[in-house]
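*Asks:* structure, please.
(chains A, B, C, D, E and F)
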Protein chains: 6
Amino acid sequence: MRSDGRQVNELRAVQLDTDYLKHPEGSVLISMGDTKVICTASIEERVPPFMRGQGKGWITAEYSMLPRATEQRTIRESSKGKVTGRTMEIQRLIGRSLRTILDLDQLGERTIWIDCDVIQADGGTRTASITGAFVALSIAVNKAVERGLIKSWPIKDYLAAVSVGVVPTHGEVLDLCYVEDAAAEVDMNVIMTGAHQFVELQGTGEEATFSREQLNQLLDLAEHGIDELISHQKTALGEISEKIDTYKKDE
Amino acid sequence: MRSDGRQVNELRAVQLDTDYLKHPEGSVLISMGDTKVICTASIEERVPPFMRGQGKGWITAEYSMLPRATEQRTIRESSKGKVTGRTMEIQRLIGRSLRTILDLDQLGERTIWIDCDVIQADGGTRTASITGAFVALSIAVNKAVERGLIKSWPIKDYLAAVSVGVVPTHGEVLDLCYVEDAAAEVDMNVIMTGAHQFVELQGTGEEATFSREQLNQLLDLAEHGIDELISHQKTALGEISEKIDTYKKDE
Amino acid sequence: MRSDGRQVNELRAVQLDTDYLKHPEGSVLISMGDTKVICTASIEERVPPFMRGQGKGWITAEYSMLPRATEQRTIRESSKGKVTGRTMEIQRLIGRSLRTILDLDQLGERTIWIDCDVIQADGGTRTASITGAFVALSIAVNKAVERGLIKSWPIKDYLAAVSVGVVPTHGEVLDLCYVEDAAAEVDMNVIMTGAHQFVELQGTGEEATFSREQLNQLLDLAEHGIDELISHQKTALGEISEKIDTYKKDE
Amino acid sequence: MRSDGRQVNELRAVQLDTDYLKHPEGSVLISMGDTKVICTASIEERVPPFMRGQGKGWITAEYSMLPRATEQRTIRESSKGKVTGRTMEIQRLIGRSLRTILDLDQLGERTIWIDCDVIQADGGTRTASITGAFVALSIAVNKAVERGLIKSWPIKDYLAAVSVGVVPTHGEVLDLCYVEDAAAEVDMNVIMTGAHQFVELQGTGEEATFSREQLNQLLDLAEHGIDELISHQKTALGEISEKIDTYKKDE
Amino acid sequence: MRSDGRQVNELRAVQLDTDYLKHPEGSVLISMGDTKVICTASIEERVPPFMRGQGKGWITAEYSMLPRATEQRTIRESSKGKVTGRTMEIQRLIGRSLRTILDLDQLGERTIWIDCDVIQADGGTRTASITGAFVALSIAVNKAVERGLIKSWPIKDYLAAVSVGVVPTHGEVLDLCYVEDAAAEVDMNVIMTGAHQFVELQGTGEEATFSREQLNQLLDLAEHGIDELISHQKTALGEISEKIDTYKKDE
Amino acid sequence: MRSDGRQVNELRAVQLDTDYLKHPEGSVLISMGDTKVICTASIEERVPPFMRGQGKGWITAEYSMLPRATEQRTIRESSKGKVTGRTMEIQRLIGRSLRTILDLDQLGERTIWIDCDVIQADGGTRTASITGAFVALSIAVNKAVERGLIKSWPIKDYLAAVSVGVVPTHGEVLDLCYVEDAAAEVDMNVIMTGAHQFVELQGTGEEATFSREQLNQLLDLAEHGIDELISHQKTALGEISEKIDTYKKDE
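*Replies:* I've put the predicted structure just below:
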């Protein structure tokens, strides 16, 4: 049994509170155990300069943590006057992943801004951000489709993300909490579609290395976790999930 | 009746969810109607360089908004690489106000960081931040006193803040929501102690001016609002409020 | 008698040297005792992007101190690479105040830049800046009206600013010099029109608080000081002051 | 045959010019086809603040491109005043990878700075940087060991990196040049030790996705490429390579 | 006759108002025609980190212009968030020149800050800054010597600077005003000691070039101008100039 | 004999490797002894905003050093987030010098970017940059003329730069290497055309001064060095040099 009583292939408690905020077109508060992230999707009626005149849309993401989301208070990036390398990596990862399942041609010349703000951190904030961002995106897109702004349903498949890793006490495990993450020898983030296709795979030996055999065990755990997360997304999205399913069948 | 059905001297619904987050020494989610701010108090075991060696403490505040706390998405200050003038004004105001009711000599050489993060904005975010910050501060201080870090109770009195203003439709009103604030001719923030002493008074004619008579009416409304807010603070703080009351009696 | 021999309700020696510099459309060197500020008004034939196409003008202000305006040398903000919170607050205050008495609709699509550069500081630099800026503005506007650029006189009333405060040795006093300001328990800046209307009121308990009775005494002192400052402005502006008086009568 | 005449499992021409520069402790110019990177290793006799007093060393990396390393001139990051997200990702990746094969405990309190400056870019600059950095590091470490600064040989194994990907015309291929990289559906960087252990694995579907079967084919190609690169490293390092081999046998 | 009625070898009207400001150890307002610069010298009782522990002093300079010193308003460098290349060049030039005539060993571990703030610009602001800075420096040093802070007189010789140039209408001329400077084909700044030794020589063909013969004519004009400027410095410094003369004789 | 065995009027070994890089329109690796600089010229089909609509071109330069071009590692300017004053001075000098011999009217509305990247430094990097930049510029311009982009040959004369100085051991010397430069009492950079006209002359007494007689000796040495450098440029440019010679004859 792991430090919080879970099996090696068990996710933490997942909760998706949709329409958490009043102003954004789509919003959700995602909880994965004690990790809590507010994900919002905002639609802007123009694209960045490098995209203009192509008749298609864009999606971009920003990520941040409240200073006291963490055990020790973290200095605000606005106070430092710059965004850290870690934040940039995560922002680029979220945006890139969502672009894989979104048909930008269907959006028209508009930008979807994804904001992931971690209000409490206990490991796995970047994967929780992606899983939550998919839900916020789907709600915002659905509103735009219902209002006739977007002509044709543009979300091609589900998208979820989960961490797996190798920890000294239990070997390969799914969905690491902070204490596990801090002790892990190998840390891997897996982002997958509903069709079990990889979107992104990032594995790092933390001052250690890993064999191909270990890689395969980690990927098995990840696939299992992704399936469960997508099942939570379906429940949270309710009727909207039918539109995603329909798109997939049509293809 | 005002746009949201209130009387001119009526506050919006006030809610104070204490211990809202897991990591900070003190935390509260304050709601004033649709305005929601996460306020945390963090204790750091050192003071900034300019305070070292004096045997006393320091308190400082930071303020921020989630990008989609507002009707239109606001660009993050971390992305812009600098903190705006408005944010700096608010941060300085929160810190300065709290320093008035906190006996820094009793803290020892430690810093209390106040973080006010607006997750939803509907007018009055800076006054809500101060009212909430007082509660988070009291909880954090209480913990430090109970652990023996702080030897003697250092909070001298209650502190709350409220906005008042002159709006075209109803004249002088208490606790402006966003639509009122946008239309207001005069906008005033009043910060007061439990003993009805002014801590800060900031009145601005928004491309208009105001007479001394109007000033007096606005201050009457503010005193009334402050009394109600402090009553909410007492309820939220429970037994901790007795320590504040005792300090006041002793003096 | 105060440290410099003044009565509690007495201003320091006021001097307004108009047309102090050769290039700007309007300029004045204002001295309030040893506080000396060069105020200039520059007219630019365009407005900032957010104002374009509305057919009206804009006024904005910048404030700075020479490094050795102060007792101890202050690091330049250009060397630090950013403007401090204090400077931003003052700049915003100057601009906001002047917008109250200037009819932006009459300016046409042009911007007036106010620059207040403190060459010697002895307390009250922000209020001296506002009182001086009004004079520089009036001179620049008069030139533009005489050249036919601005069609109709746009300055609605006089505008002056003064500090008042509570000091340990003399209680409520008018126009604090630096040593008084450093010792003050309460510090208040009052900005008023010729018609005794408040434009801005900012009172701060400096690690102290103040009662409503004290507030009223401070406001009485301020009104008296404002009257004298406006009388100095009239003398300095000479014939230009008639145009301001005429506007007020017409209304 | 690929655009440059290679087989799908064939590396571009690899060249390692050691001691390319006069001042650095270790330096190499690595060429992978037309991609050319100057890699240097500099030894500094202190560690960053967060490492002090632990008796161990640190290694960190910086990466940059000459403005005209690319087809179109790129703006310098020094002119922009900030390092881009892409650069930060690469710098962190290089440093993290090298830390895996370097025994920091043996370094003593000193920092090794790795600088990778791309003077000509034709795809695969980050993997070439890592392969070259390993060589520069080994030369610098060898010098420090010979001078008695470092007491015991600290490099545990070889380290090389290579890109693999899926391109529309040839499916899975090894070591993508720029035109292949621009067209690739899947792009993966693999960093491995001489013992075929993964150090880092980063696979990205570029607006596409990939199956587990494709992943396996890509990894087979990568292992083959890594073997060849390490063989080039051994030749370039000459006698130094014996020390690495000895360390591995001893373990 | 030149545009302002001068002979080719004639300086503009020179004025040196010493002790212009109240706070700095040394200050002067220098006027060269319509060019006016406030020069101050401030003594700080420590040296920058790279100079510590050597028992000697340092001198450094900063230069700035008020936004409306110029015909067109210039954006503040503090607003831009960075110091321009032109300002850096001038600051480095002022500091380097003064270091030539100041014996840093005699200063003890203290820094002299020179601030040159142009309040009105009409050409030649950098040379006026140097000529004025020498006077402010001498006053500040004299005060420190009289107070016993500096043990032995450290200023070795006079220092002055002047511009010369080639203009289309009059050929080689001394001390260019702004309209001449804007039209000049060659622009040269000459910085010299009282002993006619060059400290710095900077000649630039402004989209033109110049022959060695022209160079010689320009240097003759410059020597003549420097002599006159030093004569003004002597008058302004009064008794202090005797100490400089004595140092020179002693050597 | 100097430290490296040269006569006082002898240049270091000069080498110009043209077409050193694949992508830029013009490129050269210039070596002056151990000083090595990659110079590139890039042509952009537009001019900066302040030049638009005038039908003429622009040329601008950037300069940088690899961190380990120097004996001690230098921090990257991109990491510091700003360009140093020294770099700005050099960049402005390179651009200004090249503008003297380039007829901007013949370029059409295009910008030539010169990049000088020092990969190894041993004194004289700024003069080597100018001498090399001239060659890269000529190659790039020649390509544009041959492609018909530039209608008429725009380079008016050769341009080269060299350092001269006064060193304690040998007096006046030509082309200082780093150890000489560090010990020099006087340091002068001379930039000249093929017709022996000065383009720029910058002489600095390094905490020393120099007489007019010394100046004349230094200029004689510089003229001699410039002649030799231009002879190297002619050889490197081959047939292109005929176009420069023809332009000069035509004039």
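
*Asks:* next one: phi and psi at residue A:172?
*Replies:* Per-residue torsions, residue A:172: phi -80, psi 130 (degrees, to the nearest 10).

*Asks:* look up which helix or strand the nearest residue to it once chain neighbours are set aside falls in, please.
*Replies:* Closest residue in space to residue A:172, ignoring its immediate chain neighbours: residue A:217 at 4.6 Å, by CB to CB, 6 or more residues apart in numbering or on different chains. Just so you know, the C-beta spots here come from the backbone N, C-alpha and C atoms, and that holds for glycine as well. Secondary-structure element containing residue A:217, defined by DSSP states H and E: helix A:212-237.

*Asks:* and that helix, which residues are buried?
*Replies:* Along helix A:212-237, the positions that meet the burial threshold by neighbour count (16 or more other CB atoms under 10 Å in any protein chain shown) are A:214-215, A:217-219, A:221-223, A:225-226, A:228-230, A:232-234, A:236-237.

*Asks:* stretch A:138-156 now?
*Replies:* By 16+ other CB under 10 Å, the buried positions in stretch A:138-156 come out as A:138-145, A:150, A:153-156.

*Asks:* on that earlier part again, just checking, next helix/strand downstream of the helix holding residue A:217?
*Replies:* Sequence-wise, the next helix or strand beyond helix A:212-237 is helix A:240-250, with elements assigned using DSSP H and E.

*Asks:* buried sites along stretch A:6-26?
*Replies:* A:6, A:8, A:10-12, A:14, A:16, A:18, A:20-21, A:23-26.

*Asks:* you'd agree residue A:90 is in a strand?
*Replies:* No. Assessed by DSSP: H, G, I helix; E, B strand; the rest coil, residue A:90 does not belong to a strand; its assignment is helix.

*Asks:* do you know how far it is from chain B?
*Replies:* 13 Å (CB to the nearest CB, to the nearest Å).

*Asks:* do residue A:158 as well
*Replies:* 23 Å.

*Asks:* in chain A, which spans are strands?
*Replies:* Listed in chain order, the strands found in chain A under DSSP state E are A:14-18, A:26-32, A:35-44, A:58-65, A:111-120, A:159-167, A:171-174, A:186-193, A:198-205.

*Asks:* now do the contacts for residue A:145.
*Replies:* With CB atoms under 8 Å, 6 or more residues apart in numbering or on different chains as the criterion, the residues that contact residue A:145 are A:151-153, A:243.

*Asks:* rewinding a little: now for the buried residues of stretch A:138-156: which two are most distant?
*Replies:* For the buried residues of stretch A:138-156, the farthest-apart pair by CB to CB is A:143 and A:156; their separation is 18.5 Å.

*Asks:* how about the stretch 151-251 of chain A: which residue is closest to chain C?
*Replies:* residue A:151 (31.7 Å; CB to the nearest CB).

*Asks:* scratch that, the stretch 1-150 of chain A is what I was asking about
*Replies:* residue A:81 (7.6 Å).

*Asks:* okay, and the beta partners of the residue in the stretch 101-250 of chain A positioned nearest to chain F?
*Replies:* For the stretch 101-250 of chain A, the residue closest to chain F is residue A:204, as judged by CB to the nearest CB, at 23.5 Å. Using DSSP bridges, the beta-bridge partners of residue A:204 come out as residue A:187, residue D:200.
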